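next come a sequence and a model predicted from it.
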Amino acid sequence: MTTHPAPARRPRFRRLDATDLARVAVFAAIVAVLGLPGGFTVLGAVPITAQTLGVMLAGAILGPWLGALSMTVLMALVAVGLPLLAGGRGGIGVFVGPSAGFALGWILGAFVIGLIVHAGGRKPVLWRTFVGVVVGGILAIYAVGIPVQSAVTRLPLAETALTSLVFVPGDLVKAVLATAVVMTLVRAYPRAFRRVWAEKPATISETDHAVVS
């Protein structure tokens, strides 16, 4: 009886290389550039900006770990004083203001987006990408941002959450745009993801056919 060696398992983690670091830097820069038009404030002290779109793209394209790393790098640069947030805001003071939780929530948001969009190592599909950017790019960020805003402004949590609903329509538009960009890249330039996607599991009918033939 002959035995066959078990297929080699892909390492779960790998070292960051220069390309990874360059991609992290690029997406941190994209989020910073999206802040150049500035923001506007409605019913509160937290500005509405286009930067969340960059967060969604970072998580969906880089994946959970690199996406979160790119946002961490951006927050570190902001903390040392670079004016990379919308309206030219920067400095450690940003992290004690009403929008601190939303900015820090970008790290969690990018991570969650990457987890969902690339779940199981599979190629991103339309529905999973949209769910990922909504859950990570909206719900996860709000989950960090609203309690912090409530604590800083000393408004009740429920009232703060209610006023934050003003952001939702704009964020849903960003989610649609991010999904469209990601799906376009999947079709036209899959190398942008720098991943080897898992093969689609064979269906029962396909398996039966293979056995018969």
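Ah, there it is.

what's the neighbour count on Leu162?
If you count neighbours by other CB atoms under 10 Å, Leu162 ends up with 13. Glycine gets a C-beta too; all of them are placed from N, C-alpha and C.

and it, what does it touch?
Listed by CB atoms under 8 Å, 6 or more residues apart in numbering, the contact set of Leu162 is empty.

roughly how far apart are it and Ile61?
Distance, Leu162 to Ile61, by CB to CB, to the nearest Å: 33 Å.

which strands and helices lie in contact with the top helix by length along the chain?
If you go by DSSP state H, the chain has its longest helix at helix 168-188. Packing partners of helix 168-188 (3 or more CB pairs under 8 Å, 6 or more residues apart in numbering; DSSP states H and E): helix 51-62, helix 126-134.

how about the last one as PDB, C-alpha atoms only?
The C-alpha coordinates for helix 126-134 follow below in PDB (Å, rounded to 0.1, in the frame of the first residue of the first chain):
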ATOM      1  CA  LEU A 126     -20.900  41.600  -4.100                       C
ATOM      2  CA  TRP A 127     -23.100  40.800  -1.100                       C
ATOM      3  CA  ARG A 128     -20.300  40.000   1.300                       C
ATOM      4  CA  THR A 129     -18.300  43.100   0.300                       C
ATOM      5  CA  PHE A 130     -21.400  45.300   0.900                       C
ATOM      6  CA  VAL A 131     -22.100  43.600   4.200                       C
ATOM      7  CA  GLY A 132     -18.500  44.000   5.200                       C
ATOM      8  CA  VAL A 133     -18.300  47.700   4.500                       C
ATOM      9  CA  VAL A 134     -21.600  48.400   6.300                       C
END
